[in-house]
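>>> Any chance you could fold what I've pasted below:
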Amino acid sequence: MSKHMAEINFEITCFEKGGPQNSDKALEIAKKYADQLNVKDIVVASTTGGTADKALEKFNPSEYNLMIVTHSYYFVNEKKRQEYDEKKLAELKDSGAKVLSVTHAMSGIERGIRISMNQWCFVDLMAKFLREQFSQGTKVCIEIASMVADAGMIESLDRDILCIAGTGRGADTVCLIKPAPTSAFDKLRVRAILAKPL
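Presented below is the predicted three-dimensional model:
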């Protein structure tokens, strides 16, 4: 967004209930604002591939910098390598979309400590706060914005990006975000929440 814009009016969609039934509408909203605001960096959270497949229908990787963020390997437990089918993951990469499967910015070691020792650490508490005060998808949008910045998947931190996430499965949240890496997380800005569950 230009620093010289005095005012931008956004239409905000609030879904009655979070979940995958909102995926098509959430992606339509993201596409509308991507085109309206000339946003080319699109970040999508996808655990098993359903949301990624739908995003590919809307955002051609030859026209958009489409980034799919999955759960990290062994996120569920040490026995489950990856929730995303690895053949489907390879097909996704072949489509031209970028794929990121790393430790989540608001997770990692702190999550491990919470699960194994029932001890809450600061970042885990921040994630819990964002989930409860806004929505699961809003927390994930903020998180994946920093993750793609850390991974060097976006060309510039000065360009706004659109992040799409959801509650459990599917998409129900769309945020326009000025990204920042985790090392400068205080500089990340949520410009607009364009869709979220009530």
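>>> Would you map the strands across the protein?
Using DSSP state E, the strands found in the chain span residues 13-15, 41-45, 65-69, 98-100, 161-165, 173-178, 189-197.
>>> most neighbours per residue, which of those?
Most buried of the strands of the chain by mean neighbour count (mean count of other CB atoms under 10 Å) is strand 161-165; its value is a mean of 29. In this view, the C-beta of every residue, glycine as well, is placed from N, C-alpha and C.
>>> Let me see the mean pLDDT of it.
Per-residue pLDDT over strand 161-165 has a mean of 98.
>>> Give me the sheet partners of it and which way each runs.
Applying DSSP bridges, strand 161-165 is found paired with strand 41-45 (parallel), strand 173-178 (antiparallel).
>>> May I see these organised as TSV, with mean pLDDT and distance to residue 187 added?
What follows is those, written out as TSV (pLDDT from 0 to 100; distance: least, CB to CB, whole Å):
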stretch	mean pLDDT	distance to residue 187
strand 41-45	98	17
strand 173-178	98	8
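>>> which one of these lies closest to residue 84?
Closest approach to residue 84 among the strands paired with strand 161-165 is made by strand 41-45 (11.3 Å; CB to CB).
>>> about what we covered before: quick one: closest of the strands paired with strand 161-165 to residue 105.
Across the strands paired with strand 161-165, closest to residue 105 is strand 41-45 (CB to CB), at 11.9 Å.
>>> next one: that closest one to chain centre, how far?
Centroid displacement of strand 41-45 relative to its chain, using CA atoms, centre = their mean, to the nearest Å, is 6 Å.
>>> Next, the angle strand 65-69 makes with that strand.
20 degrees (axes from the mean of the first three to the mean of the last three CA atoms, to 10 degrees).
>>> Many thanks, we can stop here.
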